[in-house]
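A.B. asks: Starting from these lines, generate the structure:
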Amino acid sequence: MKLNRFILAIVALLSFQFVRSQEGIPIYADYLSDNYYLIHPSMAGAANCGKIRVTGRQQWFGQDNAPKLLTVSANSRLGDSQSAIGGIAYTDKNGYHSQSGGYLTYAHHLMFSRSVSDLNMLSFGLSAGFIQYKLDETEFLNDVPVRDPNIDGIVQSEANFNLDVGFSYHYINFYAHGTIKNLLNNSGINNDLEVTSNLRRLLLSTGYVFNRFGSSWSFEPSLLYQYKTGTKENLIDVNAKVYKQMDFGQFWAGLSYRQSLDGTEYKTDTQTIETQRLNLITPIIGVNYNRFMFAYTYTYQSNDIVFTNGGFHQFSLGYDFNCAPKRYECHCPAVN
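C.D. replies: All right, here's what the predicted structure looks like:
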């Protein structure tokens, strides 16, 4: 037990510089829970209603200090204007490392259609936020026979400021989004290392909602592409959701598949070199009841070498407010 704690302390110390430069809110499948604003600032106030969303994620049930994420977001139009505001607060904990922060967003929506019933809208958004990173070293020296002078045994912390900027375009049942997250370099944090000073992430997503005239069913395929400029990582999400219009609101379900486009090499027991890529399969189910929303997702990791395949649970709760009296004449769940 003493040796394990000592090794854990050394590993945590060596990784501290990298942990301090975490990239803000982790991007899981929570944006599919009627919450595109969580990843695209231009979606603040884009919907027919103002939205409040709360998401809780717990990974690896039964494991101590497993990753946990909690987000709270709200966004709404400013009256009948083309402007909108939003805000996000979150806390993310992974073992002895944690980060918490908040963003404020301003978005502007340009309508190109003759009326609000005919959706043709271009939106721009800017989010500014502070993020505080922490490393809890208070337990690193417990029962360690030899004190490491590099371990202070305190909670170390550092805060950073950054910007997210993006656009969205909606045309009837079609939509597309583009966002640059962490636009600014992290000045003062390992500026000699591109992987820690450059945390920019490019997000591109698009989708279309299919619906037969007179049918209460809708089908929405979509894609999300991520590119991290500092580490040259590429990820893609392939998503499919189905909606059923009900008397009380809407029932929906979906499936998301995340694939890393970059492989990681590892050596097998037979000393051969193999390559594996991140593979995540996430089913999702949700319901909109009047102005309330509830969703649940479960993520399964299908890689050969993993800490554990399952145990990724996420719950989302939502409430819509300040709803406009008229809705757009389109099958566009993220806007209507």
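A.B. asks: ok so Ala253 is a helix residue?
C.D. replies: No. Counting by DSSP: H, G, I helix; E, B strand; the rest coil, Ala253 falls outside a helix, being strand.
A.B. asks: mind listing what it touches?
C.D. replies: By CB atoms under 8 Å, 6 or more residues apart in numbering, the contact set of Ala253 is Lys241, Val242, Pro283, Ile284, Ile285, Gly286. In this view, the C-beta of every residue, glycine as well, is placed from N, C-alpha and C.
A.B. asks: Could you do His331 as well?
C.D. replies: Residues counted as contacts of His331 (CB under 8 Å, 6+ apart) are Asn173, Val209, Phe210, Asn211, Ser218, Tyr243.
A.B. asks: Spatially, what comes nearest to Cys323 if we skip its sequence neighbours?
C.D. replies: Cys49 (4.0 Å; CB to CB, 6 or more residues apart in numbering).
A.B. asks: Of the contacts of His331, just say which sits nearest to Gln226.
C.D. replies: Val209 (22.5 Å; CB to CB).
A.B. asks: From Met43, how far out is that closest one?
C.D. replies: To Met43, Val209 is 16 Å away according to CB to CB, to the nearest Å.
A.B. asks: And for Gly318?
C.D. replies: Relative to Met43, Gly318 is positioned 14 Å away (CB to CB).
A.B. asks: what does Gly101 give?
C.D. replies: When Gly101 is compared with Met43 (using CB to CB), they lie 19 Å apart.
A.B. asks: Compare neighbour counts for those two and give me the winner.
C.D. replies: Ranked by neighbour count (other CB atoms under 10 Å), Gly101 and Met43 place Met43 first, with 30 against 21.
A.B. asks: can you give me phi and psi for Asn198?
C.D. replies: Dihedral pair for Asn198: phi -110, psi 100, per degrees, to the nearest 10.
A.B. asks: Count the neighbours of it for me.
C.D. replies: Asn198: 18 neighbours (other CB under 10 Å).
A.B. asks: Not counting sequence-adjacent ones, nearest residue to it?
C.D. replies: In space, Asn198 is closest to Gly230, 3.8 Å off (CB to CB, 6+ apart).
A.B. asks: Look up the pLDDT of that neighbour for me, please.
C.D. replies: Listed pLDDT for Gly230 reads 83.
A.B. asks: Assumed it was part of a strand.
C.D. replies: No. Assigned with three-state DSSP, Gly230 falls outside any strand and is coil.
A.B. asks: Isn't it up against Ser197?
C.D. replies: Yes. Contact criterion CB atoms under 8 Å: Gly230 and Ser197 qualify, at 7.5 Å.
A.B. asks: who's more crowded, these two?
C.D. replies: Using other CB under 10 Å as the criterion, Gly230 and Ser197 rank with Gly230 on top: 19 against 16.
A.B. asks: Spell out the secondary structure type for Tyr31.
C.D. replies: Quick answer, by three-state DSSP: Tyr31 is helix.
A.B. asks: Surely Leu280 touches Ser260?
C.D. replies: No. Taking contacts as CB under 8 Å, Leu280 lies outside contact range of Ser260: 9.1 Å.
A.B. asks: strand partners of the helix or strand hosting His108, parallel vs antiparallel please.
C.D. replies: When secondary structure is defined by DSSP states H and E, His108 falls within strand 97-111. Sheet pairing of strand 97-111 (DSSP bridges) gives strand 83-94 (antiparallel), strand 120-136 (antiparallel).
A.B. asks: Let's see which of the contacts of Ala253 end up in helices.
C.D. replies: Using DSSP state H, no member of the contacts of Ala253 falls in helices.
A.B. asks: Okay, and which of the residues you listed map to strands?
C.D. replies: Lys241, Val242, Pro283, Ile284, Ile285, Gly286 (DSSP state E).
A.B. asks: Could you turn the buried ones of those residues into a ChimeraX selection?
C.D. replies: A single ChimeraX command selects the buried members of these (16 or more other CB atoms under 10 Å):
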select :241,284,286
